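> Pasted the sequence and its predicted model underneath.
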Amino acid sequence: MGLAATESAAVARPLAGWPPEALIAALQAAGLKPGQARGAVRLALRAWFAGEAQPLAQVSRQATLLLAEAFPEAPPLALVECAPSADGSCRLLWRTHDNLLVEGVIIPSSGGDRTTLCVSSQVGCGRRCAFCETGRLGLVRNLASIEIVQQFQQASAIWQAQRGARPPIRNVVFMGMGEPLDNLGAVGDAIDVLCHAFGPGLAAQRITVSTVGVAQQIPTFFQRTRANLAVSLNAPDDARRLAIMPVHRHCGLAELKRALQAALPPGRDVLVEYVLFGGVNDALQDADLLMEWLRDLPSRLNLIPANPGPDPRLHAPEPQTVRAFQKHLLDAGVRAMVRHPHGRDVGGACGQLAGSRREFEEMRHGA
Ligand code: SF4
């Protein structure tokens, strides 16, 4: 069958790692009628997401042979740890087939109206932001689309067993380990699977992909998916952004804004994330600079008091400073929400995973 892998990871790519429409087209190309091909993919994917041991059991013999030959089952991620946090979130730790660790976080909303899963797109990350534990690992490897989809499938099953009356996971944020736009092929395919009616059928608007601002990939992102884009800005001027985010060497603030303005489809906006660091970027003059950058950019703004990270100089401001910064923006008509990272007590705040385990230290030294 004529499908070529788009990700670099050396992982077998079974059924649920492919965009369903590509699977259907491949089955048709191999001789199945359109209705047979759609029916086979629907049955196989529904069984796979339901956790059935033999997802091809109900598929016709001809389709089974084609699917099994082309898409051998990959060994699933193995759950290593499920650590509940005092704030209701739950950190998940998996081991990959090649003995690497991947993290995710289940995050119930404080209002109890939704549950979000924070997923990883890479093992480690090559962007090396100064405030981020994952950045200290360097890039170990990209995750395959199936490994992203499996995070959702396994987290959903775990949450189903413990959620009680709380809603199932219907929101996904790519804010765990890795820079998603550095692995856009696999991330895009995983989003296709998660949004397809034969899979979990998530609304694309309920998926948010967070980037440090890899400008050259932003047009491809908007062509590839209808998911939301979040940009981690974190500084109001070039000098301070460069000091904490090496990606800035390749793309200044003005260029990043131009890239977003040019690529945003009509009617869409971008979520701008601004991590507040005490004494670094939290002055009212910084809020003015931030407002100036946001001008003429369709956007929403999240202010995030920093989580403790590898650099002790980068810490959260006092709560009253956060409130004053937000008020200054709101008074000027800028939509600004304060968001607090979840799972601090189990090292599970998004973007700052990969904290304490000895094995992460070993991965660091091997990177
Ligand atoms: S904040 Fe994101 S992009 Fe930066 S090093 Fe961490 S995981 Fe990578």
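Done, it's in.
> Just checking the distance from stretch 223-232 to the centre of its chain.
10 Å (Cα atoms, centre = their mean, to the nearest Å).
> in that stretch, what's buried?
R224, T225, A227, N228, L229, A230, V231, S232 (16 or more other Cβ atoms under 10 Å). Placement of C-beta: from N, CA and C, glycine included.
> Please name the spatially closest residue to the first one (chain neighbours excluded).
Of all residues beyond its chain neighbours, the one nearest R224 is G188 (4.3 Å), with distances taken as Cβ to Cβ, 6 or more residues apart in numbering.
> and the one you found, backbone torsions?
When read as degrees, to the nearest 10, the backbone of G188 gives phi -60, psi -40.
> mind listing what L329 touches?
L329 makes contact with A287, L290, M291, L301, L303, A336, according to Cβ atoms under 8 Å, 6 or more residues apart in numbering.
> Would you reformat these as CSV and include distance to Q154, secondary structure and neighbour count?
Listed next are the contacts of L329 as CSV, based on distance: Cβ to Cβ, whole Å; DSSP: H, G, I helix; E, B strand; the rest coil; neighbours: other Cβ atoms under 10 Å:
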residue, distance to Q154, secondary structure, neighbour count
A287, 41, helix, 24
L290, 38, helix, 23
M291, 42, helix, 17
L301, 33, strand, 21
L303, 32, strand, 23
A336, 35, strand, 21
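> what's the nearest residue to I106 if we skip its chain neighbours?
That would be C90: by Cβ to Cβ, 6+ apart, it lies 4.4 Å from I106.
> what does I24 give?
Counting by Cβ to Cβ, 6+ apart, A37 is the residue found nearest to I24 once chain neighbours are left out, at 4.7 Å.
> who's in contact with the helix or strand encompassing that neighbour?
Assigned by DSSP states H and E, A37 belongs to helix 34-49. Outside of helix 34-49, the residues within contact range by Cβ under 8 Å, 6+ apart are 15-16, 20, 23-25, 27-28, 32, 54-60, 62-64, 67, 153, 193, 196, 198-200.
> Going through the residues you listed, which ones are buried?
Buried members of those, counted by 16+ other Cβ under 10 Å: 15-16, 20, 23-25, 27, 32, 55-56, 59, 63-64, 67, 153, 193, 196, 198-200.
> Any buried residues in stretch 324-335, and which?
For stretch 324-335, by 16+ other Cβ under 10 Å, it's A324, F325, Q326, H328, L329, V334.
> Give the full set of residues in contact with the second one.
Residues in contact with F325, defined by Cβ under 8 Å, 6+ apart, are L276, D282, L284, D286, A287, L303, P317.
> Wasn't it part of a helix?
Yes. Assessed with DSSP: H, G, I helix; E, B strand; the rest coil, F325 lies in a helix.
> can stretch 196-213 be found next to the ligand?
Yes. Residues of stretch 196-213 contacting the ligand under Cβ under 6 Å from any ligand atom: V212.
> neighbours of the residue of the stretch 201-350 of the chain found nearest the ligand, just the number please.
Distances between the stretch 201-350 of the chain and the ligand by Cβ to the nearest ligand atom are smallest at V212, namely 4.4 Å. By other Cβ atoms under 10 Å, the residues close to V212 number 27.
> can I get the CA coordinates of stretch 160-176 in PDB?
Included here for stretch 160-176 are C-alpha records, laid out as PDB according to Å, rounded to 0.1, in the frame of the first residue of the first chain:
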ATOM      1  CA  GLN A 160     -12.600   6.900  32.600                       C
ATOM      2  CA  ALA A 161     -11.800   4.700  35.600                       C
ATOM      3  CA  GLN A 162     -11.400   7.500  38.100                       C
ATOM      4  CA  ARG A 163     -13.400  10.500  36.800                       C
ATOM      5  CA  GLY A 164     -16.700   9.800  38.500                       C
ATOM      6  CA  ALA A 165     -19.100  12.500  37.400                       C
ATOM      7  CA  ARG A 166     -16.400  14.700  35.800                       C
ATOM      8  CA  PRO A 167     -16.400  15.000  32.100                       C
ATOM      9  CA  PRO A 168     -14.200  12.700  29.800                       C
ATOM     10  CA  ILE A 169     -11.100  14.100  28.100                       C
ATOM     11  CA  ARG A 170     -12.300  16.100  25.100                       C
ATOM     12  CA  ASN A 171      -9.600  18.800  25.100                       C
ATOM     13  CA  VAL A 172      -5.900  18.300  24.200                       C
ATOM     14  CA  VAL A 173      -3.000  20.700  24.500                       C
ATOM     15  CA  PHE A 174       0.400  20.100  23.000                       C
ATOM     16  CA  MET A 175       2.300  21.700  25.900                       C
ATOM     17  CA  GLY A 176       4.200  18.700  27.300                       C
END
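> I'd like the distance from that stretch to the chain centre, please.
Distance, centroid of stretch 160-176 to centroid of chain: 14 Å (Cα atoms, centre = their mean).
> returning to what we had before: the buried residues of stretch 324-335 into a markdown table, with extra columns for distance to the ligand and pLDDT?
Formatted as a markdown table, the buried residues of stretch 324-335 follow (distance: Cβ to the nearest ligand atom, whole Å; pLDDT from 0 to 100):
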| residue | distance to the ligand | pLDDT |
| --- | --- | --- |
| A324 | 26 | 98 |
| F325 | 21 | 98 |
| Q326 | 22 | 98 |
| H328 | 26 | 98 |
| L329 | 23 | 98 |
| V334 | 23 | 95 |
